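>>> got a structure for you, letters missing:
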């Protein structure tokens, strides 16, 4: 089994063929197509075709019929792939846009949104926007502290 894990945390569990290990019938048709696109994106990334991987994942991210969680997973992958290309401003843009989507649909503290908030703050810091990054990190750490049931590894990663 492989995972679509990113530097921002774990994601969808996929079998060796790139199919989700989620129970059959649990995903909508749009989500099923999204998972196929993510599998195709991962194959592209594995073969070094990062631009094609980003295209596949951005299609998923932009598809409003797909669940918000699947869309945010696609955004996390895009951030990582933009980073591999050295497109750090694009990393920040995708992360910031995904944070807005996640906060609107899921609120501020689900683990997936926390990971994306961490990513946005990180890329702000990398790009030299220290004041804005410090404010975002500060708010993020406060929210992490208010989540006693949060996976300790995720909480530790965010605090560091």
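Arrived safely. Computed from a predicted model, the values in this text were never measured in an experiment.
>>> tell me where this protein has helices.
Using DSSP state H, the helices of the chain run over residues 29-46, 50-62, 68-84, 88-106, 111-126, 130-145, 152-159.
>>> and the second one, what does it pack against?
Contacts of helix 50-62 with other secondary structure elements, assessed using 3 or more C-beta pairs under 8 Å, 6 or more residues apart in numbering; DSSP states H and E, are made with helix 29-46, helix 68-84. Using the backbone N, CA and C atoms, a C-beta is placed for each residue, glycine as well.
>>> re earlier: now the helices of the chain in a markdown table, with mean pLDDT and mean neighbour count?
Output for those, formatted as a markdown table (pLDDT from 0 to 100; neighbours: other C-beta atoms under 10 Å):
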| stretch | mean pLDDT | mean neighbour count |
| --- | --- | --- |
| helix 29-46 | 94 | 19 |
| helix 50-62 | 97 | 20 |
| helix 68-84 | 96 | 23 |
| helix 88-106 | 96 | 18 |
| helix 111-126 | 95 | 23 |
| helix 130-145 | 94 | 15 |
| helix 152-159 | 82 | 14 |
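>>> look up how far residue 82 lies from the closest residue in space to residue 98 that isn't next to it in sequence.
Spatial nearest neighbour of residue 98, chain neighbours left out: residue 75 (3.6 Å); criterion: C-beta to C-beta, 6 or more residues apart in numbering. Residue 75 sits 10 Å away from residue 82, taking C-beta to C-beta, to the nearest Å as the criterion.
>>> also residue 150?
27 Å.
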